[in-house]
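> Show me how the following folds:
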Amino acid sequence: MARRATVRRVLGTGAVIVLLVVDVALVALALQRDDPTPATPTPVVTLPDPTDEPDPVGSPVDVTPTASPSTAEALAPAPLTRLVVALDATHAWRVEVGACTDGGSAVATSADGGKTWVGRRSPLRTITRLRASSAQAAFVIGADATCSAAMRTTTDSGQTWTGGAGLDRSWFRDPASTVVIHTSRGRAVRPCQGGSAVIDLLPASTTRATVLCGDGQVRSSGDSGSTWTASGSATHALAAASDQGTDTWVARPGADQGCAGITIVRASRPTAVVGCAAVSLAGVSPGSVALSAAGSSGWLLVGDRTLRSSDGLKTWHAVGS
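As a prediction, the model looks like this:
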């Protein structure tokens with residue numbers, strides 16, 4: 001009887017253990033079936049391509065082109081060998097400066113916005129200033145073979161010329177020296193600093209005038225040339241024109257300002273481009289870029305080419321030779 005009781009106890013205990021194991025397995029299986037969370041896949045990491053990295057958002061990109069050395073050398077600032085004097089959108093005078101010893105001066109006029117130029121008789125071997133009051137009347141100042149300054153006047157668009165009075169009361173560049181100008185008081189002065197050449201001269205009245213210097217400085221006088229003060233500057237400046245106010249327009253090579261040609265800037269703000277004249281500068285000689293403004297009309301000579309603006313020197317188009 002004792003053995004039977006022992007066997008029953010052993011069997012009972014084993015059954016309980018089996019039932020417990022089965023229950024645990026069933027609970028685990030139920031939990032797996034009821035778990036809504038999907039298995040997390042193994043992430044795939046892609047390394048960035050170092051050859052295809054975009055610019056960061058908001059980062060500035062420098063797109064300013066740089067002028068080539070050949071362009072800077074070809075258009076080094078030099079005293080003007082050509083002049084243009086605009087009267088309005090239609091009429092202008094053009095001058096080849098020439099030289100005392102070699103001559104070569106020439107005068108021409110345009111009555112069709114620069115599309116064509118009519119050659120006129122030149123009264124002097126060299127001409128360093130022309131002032132016109134109309135399409136018919138003008139005076140020039142220059143010199144003969146001895147480089148002695150002289151004035152000539154015309155009233156028939158340059159077909160004939162006569163001697164003029166008032167040389168000692170007029171502003172003009174010296175025919176023999178590139179660093180000297182003559183003032184309205186009859187004095188010879190050097191307005192630029194450090195022996196720099198005078199590139200262009202812009203008389204405004206008997207007492208006021210402005211010069212563009214070879215070092216890019218723009219200097220002005222309000223006392224008939226007795227004293228000169230800085231009024232602006234522009235690197236590589238080639239020519240200048242009065243804006244009929246208190247500032248000066250300056251023409252310069254535009255490659256370093258995003259212009260394939262000549263840019264127009266103000267001497268007071270030379271980094272801000274006012275206009276761009278798209279024109280090839282290949283073969284353009286130093287001194288052969290000239291600028292003039294009459295109201296909103298602008299005239300620009302670049303070598304043998306004429307360009308015009310009708311919107312305050314902002315946009316330009318070629319019109320003739």
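
> From now on I want contacts and neighbour counts done on CA atoms only, so please keep to that.
Fine.

> distance of Arg173 from Ala86?
As judged by C-alpha to C-alpha, to the nearest Å, Arg173 and Ala86 stand 19 Å apart.

> do Trp316 as well
Taking C-alpha to C-alpha, one finds Trp316 at 15 Å from Ala86.

> So between those two, which is more surrounded?
Taking neighbours as other C-alpha atoms under 10 Å, Trp316 and Ala86 compare with Ala86 leading, 28 against 22.

> Tell me what that one is bridged to.
Here Ala86 sits in beta bridges with Ala92, going by DSSP bridges.

> so it touches Gly295, yeah?
No - counting by C-alpha atoms under 8 Å, Ala86 stays clear of Gly295, with 9.6 Å between them.

> quick one: which helix or strand includes Leu80?
Under DSSP states H and E, no helix or strand contains Leu80.

> For it, grab the count of nearby residues.
Neighbours around Leu80, by other C-alpha under 10 Å: 21.

> Helix or strand: which one has the residue nearest the centre of the chain?
In the chain, the centroid-proximal residue (C-alpha atoms, centre = their mean) is Thr263; its distance is 3.2 Å. Element membership for Thr263 (DSSP H and E) is strand 261-266.

> which residues are in contact with that strand?
If you take C-alpha atoms under 8 Å, 6 or more residues apart in numbering as the criterion, strand 261-266 is touched by 247-255, 257, 271-281, 313-314.

> which among those end up buried?
247-255, 257, 273-279, 281, 313-314 (16 or more other C-alpha atoms under 10 Å).

> just checking, which of those residues belong to strands?
With DSSP state E as the criterion, strands contain Thr248, Trp249, Val250, Ala251, Arg252, Pro253, Val273, Val274, Gly275, Cys276, Ala277, Ala278 from among the buried ones among the contacts of strand 261-266.

> Beta-bridge partners for the fifth one, please?
Per DSSP bridges, the residues bridged to Arg252 are Thr263.

> wouldn't it be in contact with Ser233 here?
No - assessed by C-alpha under 8 Å, Arg252 is found out of contact with Ser233, at 11.2 Å.

> Quick one: residues contacting Ala78.
Neighbours of Ala78 in contact, by C-alpha under 8 Å, 6+ apart: Ala197, Ile199, Gly214, Leu238, Pro286, Gly287.

> Go again with 10 Å.
Each residue near Ala78 by C-alpha atoms under 10 Å, 6 or more residues apart in numbering is listed here: 178, 197-200, 213-215, 236-239, 285-289.

> how would you label the closest residue to it other than its chain neighbours: helix, strand or coil?
Counting by C-alpha to C-alpha, 6 or more residues apart in numbering, Gly287 is the residue found nearest to Ala78 once chain neighbours are left out, at 4.9 Å. The local conformation at Gly287, judged by DSSP: H, G, I helix; E, B strand; the rest coil, is coil.

> Spit out the contact partners of Gly287.
75-83, 97, 199-200, 238-239, 302-303.

> pLDDT-wise, what's the bottom of those residues?
Ranked by pLDDT, the contacts of Gly287 bottom out at Leu75, which scores 86.

> how about low-confidence regions in the stretch 1-150 of the chain?
1-74 (pLDDT under 70).

> And the strands in it, which stretches?
Using DSSP state E, counting those that start in this stretch, the strands found in the stretch 1-150 of the chain span residues 82-86, 92-96, 106-110, 118-120, 126-132, 138-143, 149-154.

> buried residues in the fifth one?
The one in question is strand 126-132. For strand 126-132, a neighbour-count test (16+ other C-alpha under 10 Å) marks Thr126, Ile127, Thr128, Arg129, Leu130, Arg131, Ala132 as buried.
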